[in-house]
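Undergrad: Have a look; sequence and predicted model below, questions after that.
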Amino acid sequence: MIDPKAFRENPDRFRQGAAEKGAAIDFDRLLELDERRRSILTEMEAKRAEQNRLSKEVGPKMGQIKGKLKTAQGAEKAALEAELAELERKPHALKAHVATMEQELATVEPAWRDLLMTVPQPPAGDVPKGRGAEDNKELRRWSPSGFDPAKTFESQRGFKPKTHLELVRDLKLADFERGVKMAGTRHYVLTGMGMRLHQAVIRYALDFMADKRGFTPMSVPVIVREECMLGTGFFPFGREQAYHIEESKRGSGHDLYLTGTGEVGLMGLHADEILSEGDLPRKYCTASTCFRREAGASGKDTAGLYRIHQFDKVEQVVVCKADDAESRGWHKHMMESVEMILQSLGLPYRLLQCCTGDLGMKNEDMIDIECWMPGRGENGADGRPLGEWGETHSASRLNDYQCRRLNLRYRDADGKIHFAWALNNTVIASPRVLIPLLEMHQQQDGSVAIPEPLRVHCGGATHVR
RNA sequence: GGACAGGUGGCCGAGUGGCCGAAGGCGCUGGUUUGCUAAACCGGUAUACGGGUAAAAACCCGUAUCGCGGGUUCGAAUCCCGCCCUGUCCGCCA
């Protein structure tokens, strides 16, 4: 959520931000609702004040009269009743007036809030302008020595690479047929070494963050209330992406939602809290199962382990002070962790600065990390894929957008309260990362070499055969 | 799932219709006293929104908030209704 005061003072900043993100928001209506809401509030509060004052002034007297009325008779009773009616006249009128204002507010306030919730976080000033993914800018790339994605796999390794689909089939790492039998399209079963590799990358990444990067590992709920989804900014726009558990239809409890990322649980931790500045930054990581309906993606990446409904991910978040330089510093730090992990796994990758049109609602800055996947992309003359970059990570800076929605604040050294700033970044997502892992490390004999850091989690095996 | 008991500030806890944004205590914090520390004493100590108000700070005024929502009332932490949540015991259970 954006700051309503900042919006009031400088609506153009948000108009421009929304335009750059390609979001159509009715800002005129928002301004109008804001104005209307404030005038109702002002008037209503004035009436309430008078009501409170009157109540204090004449209230006790009315109480007395009512007491006397119980025993009064005849003329005395009539006089008391008249006096009471006179005393009640003003409060009654006020009450009716306040009730009217309350009714008006009850229609204006939710409309105002709903619309406000849809205004996107404006992109940071240095984010390149663009319409969509095609306008993202490559920042840099890395490859292990002896491999260059610009050249063919075959020219460097001496054989044509299999796709991950072929590798998991030949090495019996996944069983798509049975996954689909049990749960439908985009479901899978990891089998044998497939499961071990999957667990290995997750465990390696979580340990790395905890041991080498000072992030506190957490286990957080993946089944959460709607407030968590709204607070983290995945709702209202992402409703169709989340699995919905309609507990309310069973007569009790709230509805619940399956989270699409551990970010929801990690950021929800401190919702509605006021941390002290000394508690910041909070650096958390989690390994969690992620659930995505992938609505609107039908026909895209239908085969294999790329786009699936359920996967596991190690996610990192930082909650820090409201400071641009600090936010940028953590952004770099988090991406550095990812680069260290990818390099240790020998996976070529590149960093893409996302343009304004590709940022999404809640980010002011986002960098995607893509790994080279030799089995993806267009087919060459031999009918085999030429290889392609595939997104495996994404690193976002959210300014105060998320913490404002979550009501996550901190008290600074002067006792002033601020909304904290948040960042999040994939550490590793599997099985998607197994695609580059298997495809890059495949050997001519059909086996796959296991990168050294994963071997300890694979029973010491050096190869998948 | 069944039966009870509860939900009040950072924490504990009092409060059965107006004097209650809320006693008392703890914690935190400023000060006084004091070789140092401890103790004692005095003071301060919620948040949001709106307004004064103009760029900000400070301050002032108002309103709201005692789990959430609604109701009764001139007036609700307090009475009524619905919901949510927590605890305990029983049942079930990885």
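TA: Nice, I can see it.
Undergrad: hey, where'd the strands end up in the stretch 1-150 of chain A?
TA: Applying DSSP state E, counting those that start in this stretch to the stretch 1-150 of chain A gives strands spanning A:137-142.
Undergrad: ok and the residue in it nearest RNA strand B?
TA: Here the residue of the stretch 1-150 of chain A nearest RNA strand B is residue A:59; by CB to the nearest atom of the strand that distance is 2.1 Å. C-betas here are computed from N, CA, C, even on glycine.
Undergrad: bridging residues for the closest residue to RNA strand B within the stretch 301-450 of chain A?
TA: Distance from RNA strand B to each residue of the stretch 301-450 of chain A (CB to the nearest atom of the strand) is smallest for residue A:417, at 4.4 Å. Under the criterion DSSP bridges, residue A:417 forms beta bridges with residue A:411.
Undergrad: Okay, it and residue A:340: tell me how far apart.
TA: As for residue A:417, its distance to residue A:340 is 36 Å (criterion: CB to CB, to the nearest Å).
Undergrad: Tell me, how many residues neighbour residue A:186?
TA: By the criterion of other CB atoms under 10 Å, residue A:186 has 23 neighbours.
Undergrad: Residue A:104 now?
TA: When neighbours are counted by other CB under 10 Å, residue A:104 registers 16.
Undergrad: Let me see the contact set for it.
TA: Counting by CB atoms under 8 Å, 6 or more residues apart in numbering, residue A:104 makes contact with residue A:40.
Undergrad: what does residue A:222 give?
TA: By CB under 8 Å, 6+ apart, the contact set of residue A:222 is A:258, A:259, A:262, A:265, A:288, A:289, A:290, A:291.
Undergrad: Spatially nearest residue to residue A:214, not counting backbone neighbours?
TA: Nearest non-adjacent residue to residue A:214, counting by CB to CB, 6 or more residues apart in numbering: residue A:283, 6.2 Å away.
Undergrad: mind checking the SS state of residue A:305?
TA: For residue A:305, the assignment made with DSSP: H, G, I helix; E, B strand; the rest coil gives coil.
Undergrad: Is it in contact with residue A:173, as I believe?
TA: No. Judged on CB atoms under 8 Å, residue A:305 makes no contact with residue A:173 at a distance of 9.2 Å.
Undergrad: Report the distance from stretch A:241-252 to the chain centre.
TA: Offset of stretch A:241-252 from its chain centre (CA atoms, centre = their mean, to the nearest Å): 20 Å.
Undergrad: With just CA atoms, put it into PDB.
TA: Taking C-alpha atoms only, stretch A:241-252 is exported to PDB below (Å, rounded to 0.1, in the frame of the first residue of the first chain):
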ATOM      1  CA  GLN A 241      -2.900 -17.700  -8.400                       C
ATOM      2  CA  ALA A 242      -3.500 -19.100  -4.900                       C
ATOM      3  CA  TYR A 243      -5.200 -22.300  -3.800                       C
ATOM      4  CA  HIS A 244      -8.100 -21.400  -1.600                       C
ATOM      5  CA  ILE A 245      -9.200 -23.600   1.300                       C
ATOM      6  CA  GLU A 246     -12.800 -22.700   2.000                       C
ATOM      7  CA  GLU A 247     -13.000 -23.700   5.700                       C
ATOM      8  CA  SER A 248     -15.800 -21.200   6.200                       C
ATOM      9  CA  LYS A 249     -18.000 -23.300   4.000                       C
ATOM     10  CA  ARG A 250     -17.600 -26.100   6.500                       C
ATOM     11  CA  GLY A 251     -19.200 -24.000   9.200                       C
ATOM     12  CA  SER A 252     -16.200 -23.000  11.200                       C
END
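Undergrad: Any buried residues in that stretch, and which?
TA: With burial defined by 16 or more other CB atoms under 10 Å, the residues of stretch A:241-252 counted as buried are A:241, A:242, A:245.
Undergrad: got it, and stretch A:57-67?
TA: Neighbour-count burial for stretch A:57-67 [16+ other CB under 10 Å]: A:58, A:65.
Undergrad: Which of the buried residues of stretch A:241-252 sits closest to RNA strand B?
TA: Distances from RNA strand B to these, taken by CB to the nearest atom of the strand, are shortest for residue A:245, at 12.2 Å.
Undergrad: who's the closest one bridged to?
TA: Following DSSP bridges, residue A:245 is listed with bridge partners residue A:256.
Undergrad: looking at it, it is touching residue A:259, isn't it?
TA: No. Residue A:245 is beyond contact range of residue A:259, at 11.5 Å (criterion: CB under 8 Å).
Undergrad: okay, and the common contacts of these two?
TA: With CB under 8 Å, 6+ apart as the test, residue A:245 and residue A:259 both reach residue A:223.
Undergrad: Where do the helices of chain A begin and end?
TA: Counting by DSSP state H, one finds helices in chain A at the ranges A:4-9, A:11-20, A:27-69, A:74-117, A:153-157, A:164-170, A:176-183, A:193-212, A:226-231, A:263-268, A:324-344, A:401-406, A:434-440, A:452-455.
Undergrad: With that, I have no additional questions.
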